[in-house]
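Visitor: all I have is the shape, not the residue letters:
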């Protein structure tokens, strides 16, 4: 695939670091630490994100993927557009298994269990060991502030209440301490037509997370691509679902 053509017509907004990585000019990559992710999204244990949302936070373009994963990701995005028409269609059909059209049973996000699904991020950011990256997909619209592009106070309240119910009891996750979340601004999203929230966990047993969401982390597209097990442009050799 022509890398320069990809750079001129990227599937999402590229940072300067992204472009250097695609050209093989990237410096040694340092995975993002938990503290660094906290700083980027503006959340600490003493500063709930619902407060940060009142400020000009959310410059998530500072989160980068490892060069190898970034290249695989961008090439995959270009190929999946050809095979499925769009990334949204691939995610809907191959990952979420939602019927078209995608219509929420309840307009309130996360109020109906049929309206959301949690999956591993197939192409996670370059994170330090022990940090897990999930994505919470929602059929219902998650309202954002038109000025900041970040979730409104009410949206943030609904998100945090859902995360507390889902991860607080089973996994003993505490926001800021071992759980972070954020919603990408539109400029950095590769799937703009379907709302989703990024979730970071640390210090949690992976098998417990796998049991909670019903999918194996080892079957993400990132891992399969690294192992050379993507036998077609979009399809993994083995299912990501847990038996």
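Guide: Perfect, thanks for sending it. Being a predicted model, the structure only gives us computed values, none of them experimental.
Visitor: centre of the chain to stretch 62-71, how far?
Guide: 13 Å (C-alpha atoms, centre = their mean, to the nearest Å).
Visitor: in it, which residues are buried?
Guide: 63, 64, 65, 66, 67, 69, 70, 71 (16 or more other C-beta atoms under 10 Å). Bear in mind the C-beta positions are built from the backbone N, C-alpha and C, glycine included.
Visitor: immediately after the helix or strand of the chain with the lowest mean pLDDT, which helix or strand?
Guide: The least trusted helix or strand in the chain, going by mean pLDDT, DSSP states H and E, turns out to be helix 49-52, with a mean of 47. Counting by DSSP states H and E, the next helix or strand C-terminal to helix 49-52 is helix 67-84.
Visitor: and that following helix, what's its mean pLDDT?
Guide: Confidence for helix 67-84, expressed as mean pLDDT, is 86.
Visitor: name the helices or strands packed onto that helix?
Guide: helix 3-8, helix 16-22, helix 87-90, helix 221-226 (3 or more C-beta pairs under 8 Å, 6 or more residues apart in numbering; DSSP states H and E).
Visitor: a markdown table for those helices, including distance to residue 163?
Guide: Listed next are these as a markdown table, based on distance: least, C-beta to C-beta, whole Å:
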| stretch | distance to residue 163 |
| --- | --- |
| helix 3-8 | 35 |
| helix 16-22 | 29 |
| helix 87-90 | 24 |
| helix 221-226 | 23 |
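Visitor: show me the one of these that comes nearest residue 156.
Guide: helix 87-90 (24.3 Å; C-beta to C-beta).
Visitor: no more questions from me, cheers.
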